[in-house]
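Asks: got a predicted structure here, sequence first:
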Amino acid sequence: MDVPYRQNQSVIADNSHQESIQQLARKIEVLLGQDFQSSNIKQLALAVSEQKIPFTLITHELASLRTKAINVAVVNADMVAVERTQNEFNQLEDSFASLYIQHYLKDLEKRNHLRIQHINALSEKNLLVHFEAHLLWMQDLVKAVLSNNPELLPESNPLCCEFGQWLYGEGQEIIRDSSHRKHIEELHQKLHGTSAAIAKELHHARNNLRMHALIKRTEFLSLDLGSEISLINNMILVSTYNKDPLTGLLSRRSMDKVLINQMEISKATETSFCVVMCDLDNFKLLNDDKGHLVGDAALKFFAQRMIEQLRRSDLIFRFGGEEFLIVLPSTSYQQAYNRAESLRASLQSAPFCFEGEPQILTASFGVVEIAPEQYRYIDKHAINDVIHAADSRLYKAKATGRNCVV
Ligand SMILES: Nc1nc2c(ncn2[C@@H]2O[C@H](COP(=O)(O)OP(=O)(O)OP(=O)(O)O)[C@@H](O)[C@H]2O)c(=O)[nH]1
């Protein structure tokens, strides 16, 4: 099962956090004494206030400051001070984590809201309604943690939430591949597992460090679930779109709509997708030498090869005569490159034959990765930019000598 391709996100702090963090920095200075009112404390405070560094680095820095403070107490043989320092640093760590969580949750609320907006912008939501339902579930979870109120927690049983009811009901029929179904069930159970752990934190003395990790994990699981739902959605949608009569691939008519929806989904799930433009090489020669019947058979052969080698959730369009456009959701450049390369190589290892005769048939490929943060507006211009970028790569592949992936 492919892991959704997602880039790391960073969190940005507001002014109130900066003030609290300056206070914490001062507290560290007091704890460490004159010797340690050093640049590294100020740097730490600055780094935290800018939130440009991962939380794990903050905890690492705190740990080293803790060691220094304890060493001072040990050198003075003051065991009471050692214990006090330990306690104070535990509190400091919790305060830092609490600040991070508050900010992270508020930011998560905004991100979730945006994700829901992108789903609402789809021309048809189809199965994405289930991702939307889980995003709303997440919003309730965020509210519960922000207000520290377990009463506000959403449905905890994975069998009973909106998505769970669909997954163990109608979804059993729709997701036919049992290993894929198992993967989604596991993801969903893990997501509810983290929410159960969050509930435990809320019911008992809350450890903010643990809470921070749990919330982050919940968000990633939620996005993974969204990516999986969008892949199943594609598999279903393929059967409803217009097909090119010769190859059976999707016709260009639905391409703009599909690309616009893919860009919305990519924003909603925070995963990159790839577009591959490919074109059979010197196809005119094949037509001229062997005739149009052979040319047609070659087009059908190549179409079939793509269907066999790509995922059922990848969308393959006949873009023009012997040109094809492939949309690969939740895919990085390297993953798409590898797929295109194995497709290219397979034309040599298992070549196209006509009436028992192997024919020379090669193809060139241009690959582009589209990251969600790369585009702001999703409209006809954005689609044209994507197609143009893929076309430029294909042009480069042709200029490089054909029969290659760029
Ligand atoms: N048999 C057949 N040929 C087609 C079809 N659609 C387009 N073609 C032919 O595909 C050929 C494309 O030729 P070109 O655009 O010159 O491209 P090429 O010969 O593949 O050269 P490069 O792309 O530069 O490698 C033309 O001869 C078209 O007539 C079709 O549906 N069936």
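Replies: It's in. Numbers count the residues shown, from 1 in each chain.
Asks: wait, what's in contact with the residue of the stretch 301-406 of the chain found nearest the ligand?
Replies: Nearest residue of the stretch 301-406 of the chain to the ligand, counting by Cβ to the nearest ligand atom: residue 321, 2.4 Å away. C-betas here are computed from N, CA, C, even on glycine. Residues in contact with residue 321 (Cβ atoms under 8 Å, 6 or more residues apart in numbering) are residue 283.
Asks: where does it sit: helix, strand or coil?
Replies: Assigned with DSSP: H, G, I helix; E, B strand; the rest coil, residue 321 falls in the coil class.
Asks: tell me the pLDDT of it.
Replies: Residue 321 carries a pLDDT score of 94 in this model.
Asks: same check on residue 94?
Replies: 82.
Asks: shaky segments in the protein?
Replies: Scanning the chain with the threshold set as pLDDT under 70 gives 1-22, 24-25, 28-29, 31-53.
Asks: any idea which element residue 23 lies in?
Replies: helix 15-32 (DSSP states H and E).
Asks: which parts of this structure are helices?
Replies: Remark: helices assigned in the chain by DSSP state H are 15-32, 39-50, 55-75, 79-120, 128-146, 162-167, 170-174, 178-203, 208-238, 255-269, 283-290, 292-309, 333-349, 380-399.
Asks: what parts of this protein come near the ligand?
Replies: Those residues of the chain that sit near the ligand, judged by Cβ under 6 Å from any ligand atom, are 246, 279-284, 287, 292, 295-296, 299, 321-322, 398, 402.
Asks: drop anything exposed from these.
Replies: When the residues of the chain next to the ligand are checked for burial by 16 or more other Cβ atoms under 10 Å, the buried set is 279, 280, 281, 283, 287, 295, 299, 322, 398.
Asks: walk me through the domains of this structure.
Replies: 1-121, 122-240, 242-399 (automatic domain parsing).
Asks: report the beta-bridge partners for the residue nearest to residue 341 when sequence neighbours are not counted.
Replies: Spatial nearest neighbour of residue 341, chain neighbours left out: residue 405 (5.0 Å); criterion: Cβ to Cβ, 6 or more residues apart in numbering. Counting by DSSP bridges, residue 405 is bridged to residue 365.
Asks: related to what we said a few turns ago, what's the closest of the helices of the chain to residue 363?
Replies: With distances scored as Cβ to Cβ, the stretch of these nearest to residue 363 is helix 333-349 (6.0 Å).
Asks: report the distance from that closest one to the chain centre.
Replies: Distance of helix 333-349 from the chain centroid (Cα atoms, centre = their mean, to the nearest Å) equals 23 Å.
Asks: now stretch 395-404
Replies: Mean-position distance between stretch 395-404 and its chain equals 31 Å (Cα atoms, centre = their mean).
Asks: ends of it, how far apart?
Replies: Terminal residues of stretch 395-404 are spaced 11 Å apart (Cα to Cα, to the nearest Å).
Asks: in it, which residues are buried?
Replies: Within stretch 395-404, the residues that count as buried by 16+ other Cβ under 10 Å are 397, 398, 403, 404.
Asks: enumerate every residue touching the second one.
Replies: Same thing as residue 398. Residues near residue 398 by Cβ under 8 Å, 6+ apart: 279, 281, 364.
Asks: does the first one touch residue 324 like I think?
Replies: It refers to residue 279. Yes: counting by Cβ atoms under 8 Å, residue 324 is a contact partner of residue 279 at 7.4 Å.
Asks: list the contacts of residue 97.
Replies: Counting by Cβ under 8 Å, 6+ apart, residue 97 touches 55, 207, 208, 209, 211, 212.
Asks: and for residue 353, the neighbour number?
Replies: By other Cβ atoms under 10 Å, 12 other residues sit near residue 353.
Asks: tell me the bridge partners for the nearest residue to residue 331 once chain neighbours are set aside.
Replies: Spatial nearest neighbour of residue 331, excluding adjacent residues (Cβ to Cβ, 6+ apart): residue 274 at 4.6 Å. Counting by DSSP bridges, residue 274 forms beta bridges with residue 328, residue 369.
Asks: tell me how far residue 274 lies from residue 208.
Replies: Plainly put, residue 274 is 39 Å away from residue 208 if you go by Cβ to Cβ, to the nearest Å.
Asks: who's in contact with the closest residue to residue 139 other than its chain neighbours?
Replies: Of all residues not flanking residue 139 in the chain, residue 112 sits nearest, at 5.5 Å (Cβ to Cβ, 6+ apart). Residues counted as contacts of residue 112 (Cβ under 8 Å, 6+ apart) are 135, 138, 139, 142.
Asks: and what of residue 210?
Replies: Counting by Cβ under 8 Å, 6+ apart, residue 210 touches 197, 201.
Asks: how much space between it and residue 145?
Replies: Relative to residue 145, and taking Cβ to Cβ, residue 210 is found at 12 Å.
Asks: and residue 187, by the same measure?
Replies: Per Cβ to Cβ, residue 187 is found 21 Å from residue 145.
Asks: give the contact list for the closest residue to the ligand within the stretch 151-300 of the chain.
Replies: Residue nearest to the ligand within the stretch 151-300 of the chain: residue 295 (2.5 Å; Cβ to the nearest ligand atom). By Cβ under 8 Å, 6+ apart, the residues touching residue 295 are 283, 286, 287.
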